[in-house]
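A.B. asks: this one's structure only:
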């Protein structure tokens with residue numbers, strides 16, 4: 001079966017018989033590479049499943065295929081309680097299609113983000129969210145609904161409802177959270193509305209679902225399961241984080257394939273009265289293509305947001321088939337590499353500033369001093385994990401003497417303080433899904449921040465797959481263009497063959513040195 005298409009899904013067209021036959025082959029093989037790319041709805045049972053579902057394979061004539069879970073639910077199917085469609089990786093789509101297609105893609109990404117969901121007390125939560133989404137995208141809500149339904153066959157509100165219900169289903173199955181807390185964390189304004197929506201869609205109330213998801217005498221284990229598509233070079237990802245970890249804030253246990261860290265979520269992104277702090281532990285289960293996520297109880301009210309950020313940090317929604325179709329001829333040894341993200345965008349931006357024109361080890365030393373001097377203590381189950389990264393407000397108020405005593409030079413002091421003030425003042429948002437062009441422009445307008453830093457932040461924080469720090473010295477060396485008169489231009493020209501996956505190409509170039517066939521001849525680069 002060929003890799004899944006990266007085109008914007010559309011149900012307005014007639015079913016593609018050849019494509020559906022290929023999808024059925026993937027179901028027969030339980031091929032994890034296609035997990036999240038489509039769902040199989042079985043007409044004889046009224047259930048829809050992931051391609052990896054372990055139940056007996058249904059007959060071909062009983063199968064219907066949908067690109068989105070919302071499409072399957074809109075057609076009257078219920079999610080499978082065994083394979084659990086809410087665990088499937090998201091099908092992120094990147095392209096340079098027409099404006100309507102790009103707008104739909106942006107809308108889907110934003111509707112998947114819990115920080116766009118309304119505060120628990122907001123009235124008319126669904127319609128209010130769609131209206132805010134349209135305003136954020138710069139279009140009318142009527143226009144958004146029209147192009148969304150034309151492309152996907154469901155309305156934005158139906159898509160949002162499915163996303164919330166599947167999130168609630170995961171929390172009910174995997175955690176001991178009270179139903180009331182699950183309802184509010186999933187974006188519902190009241191338990192009554194949550195119960196009505198849940199029962200109406202799934203044919204059983206939340207308590208019945210929780211009972212059906214556990215065996216006799218057992219309770220939810222507080223371990224959330226987050227799926228990914230293979231191949232995935234887990235050791236390489238963990239090694240990247242380990243080389244950059246700040247003691248007390250992060251802790252990578254490579255032998256246990258585990259990453260642990262402390263976290264802080266400000267009220268501005270949770271809708272709660274104050275900031276939320278805690279910790280998480282993420283262990284990779286490579287045999288099942290899953291991350292097993294455990295968190296502190298303090299993070300339960302914001303678990304959907306934590307899950308979303310962990311998925312972005314570990315790049316669990318990457319589509320290796322689409323990426324490798326472009327990059328494998330240039331980087332044949334990097335098929336399983338992922339772009340490491342960040343749990344906290346501000347923290348990563350400070351790390352990027354500290355890393356300007358110095359080695360990774362030197363930047364880590366400066367960051368460690370910053371954490372020890374200005375970070376706050378926190379209790380976790382592990383004595384070695386005991387600090388929170390400083391807040392934007394703390395660094396915005398830091399003076400030159402304080403930062404200078406840590407060994408941070410004046411130019412970077414100014415950049416850190418300006419960055420912190422922009423984030424603390426709400427004029428700069430650093431998170432996945434933020435507008436790339438406006439955010440990178442805002443970053444470059446700050447003192448001490450140039451294109452390299454902005455592109456690095458776009459790669460790791462904004463999750464932009466086509467970011468390219470053309471001025472990176474290590475990249476020049478890896479591509480063999482350091483001897484050119486204008487190495488940044490040479491690297492930029494070489495990178496055109498890797499669009500729209502240049503962020504992944506950068507990681508592969510860093511990891512592999514000079515890849516065979518990656519750089520055009522010198523004559524073409526010097527034009």
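C.D. replies: Thanks, I have it. Here the structure is a predicted model, which means the values were calculated and not measured.

A.B. asks: any idea which element residue 292 lies in?
C.D. replies: strand 290-295 (DSSP states H and E).

A.B. asks: if I look at residue 241, how far off is residue 230?
C.D. replies: Separation of residue 241 from residue 230 (C-beta to C-beta, to the nearest Å) stands at 20 Å. Just so you know, the C-beta spots here come from the backbone N, C-alpha and C atoms, and that holds for glycine as well.

A.B. asks: which of those two has more neighbours?
C.D. replies: More crowded of residue 241 and residue 230, by other C-beta atoms under 10 Å: residue 241, with 17 against 14.

A.B. asks: Tell me what the residue nearest to that one when sequence neighbours are not counted is bridged to.
C.D. replies: Spatial nearest neighbour of residue 241, excluding adjacent residues (C-beta to C-beta, 6 or more residues apart in numbering): residue 252 at 5.3 Å. Beta-bridge partners recorded for residue 252 (DSSP bridges): residue 259.

A.B. asks: Doesn't residue 279 lie inside a helix?
C.D. replies: No: read with DSSP: H, G, I helix; E, B strand; the rest coil, residue 279 is strand and lies in no helix.

A.B. asks: so who does it touch?
C.D. replies: 260, 261, 262, 263, 295, 296, 299, 378, 380, 381, 385 (C-beta atoms under 8 Å, 6 or more residues apart in numbering).

A.B. asks: center of this protein - which residue?
C.D. replies: Central residue of the chain (C-alpha atoms, centre = their mean): residue 312, 2.3 Å from the mean position.

A.B. asks: what's near enough to touch it?
C.D. replies: 341, 342, 432, 463.

A.B. asks: how about 10 Å then?
C.D. replies: Neighbouring residues of residue 312 by C-beta atoms under 10 Å, 6 or more residues apart in numbering: 90, 113, 339, 341-343, 345, 431-433, 460-463.

A.B. asks: In ChimeraX, select just the buried ones from these.
C.D. replies: Selection of buried members from these for ChimeraX, criterion 16 or more other C-beta atoms under 10 Å:
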select :90,113,339,341,342,343,345,431,432,433,460,461,462,463
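
A.B. asks: Serialize the contacts of residue 312 to TSV and add fields for distance to residue 200, secondary structure and pLDDT.
C.D. replies: TSV is the format used below for the contacts of residue 312 (distance: C-beta to C-beta, whole Å; DSSP: H, G, I helix; E, B strand; the rest coil; pLDDT from 0 to 100):
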residue	distance to residue 200	secondary structure	pLDDT
90	25	coil	86
113	25	coil	81
339	39	coil	97
341	36	coil	97
342	38	coil	97
343	35	coil	97
345	37	helix	96
431	32	coil	89
432	31	coil	86
433	29	coil	77
460	40	helix	97
461	38	coil	97
462	37	coil	94
463	34	coil	93
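
A.B. asks: Now flag whichever of the contacts of residue 312 is closest to residue 509.
C.D. replies: Nearest to residue 509 among the contacts of residue 312 is residue 339, at 12.4 Å by C-beta to C-beta.

A.B. asks: so that closest one sits right up against residue 240, yeah?
C.D. replies: Yes: between residue 339 and residue 240 there is a contact under C-beta atoms under 10 Å: 9.5 Å.

A.B. asks: Overlap in contacts, the two.
C.D. replies: Joint contacts of residue 339 and residue 240 (C-beta under 10 Å, 6+ apart) are residue 507.

A.B. asks: now residue 151: how far from residue 108?
C.D. replies: 9 Å.

A.B. asks: who's more crowded, those two?
C.D. replies: Each of residue 151 and residue 108 has its neighbours counted (other C-beta under 10 Å); residue 108 has more, 23 against 20.

A.B. asks: Could you say which helix or strand holds the more buried one?
C.D. replies: helix 99-112.

A.B. asks: Who are the contact partners of residue 28?
C.D. replies: By C-beta under 10 Å, 6+ apart, the neighbours of residue 28 are 51, 57, 60.

A.B. asks: one step back: kindly supply the ChimeraX command isolating those of the contacts of residue 279 that are buried.
C.D. replies: Selection of buried members from the contacts of residue 279 for ChimeraX, criterion 16+ other C-beta under 10 Å:
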select :260,261,262,263,295,296,299,378,380,385
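
A.B. asks: So which of the contacts of residue 279 belong to strands?
C.D. replies: 260, 261, 262, 263, 295 (DSSP state E).

A.B. asks: looking at it, the first one is touching residue 278, isn't it?
C.D. replies: Spelled out, that is residue 260. No: when contacts are counted by C-beta under 10 Å, residue 260 is not listed as touching residue 278 (11.5 Å).

A.B. asks: Quickly list what's touching both of those two.
C.D. replies: Joint contacts of residue 260 and residue 278 (C-beta under 10 Å, 6+ apart) are residue 380.

A.B. asks: So for residue 418, what's the nearest residue that isn't a sequence neighbour?
C.D. replies: Nearest to residue 418 is residue 446, by C-beta to C-beta, 6+ apart, at 4.5 Å.

A.B. asks: picking up where we left off before, test my guess that the residue nearest to residue 241 contacts residue 234.
C.D. replies: No: look at residue 252 against residue 234 with C-beta under 10 Å: they stay out of range, at 11.3 Å.

A.B. asks: Need the per-residue pLDDT for the residue nearest to residue 241.
C.D. replies: For residue 252, the model assigns a pLDDT of 98.

A.B. asks: can you check the one 3 residues further on too?
C.D. replies: Reading off the confidence values, residue 255 has pLDDT 97.

A.B. asks: Contact partners for it?
C.D. replies: Residue 255 touches residue 238, counting by C-beta under 10 Å, 6+ apart.
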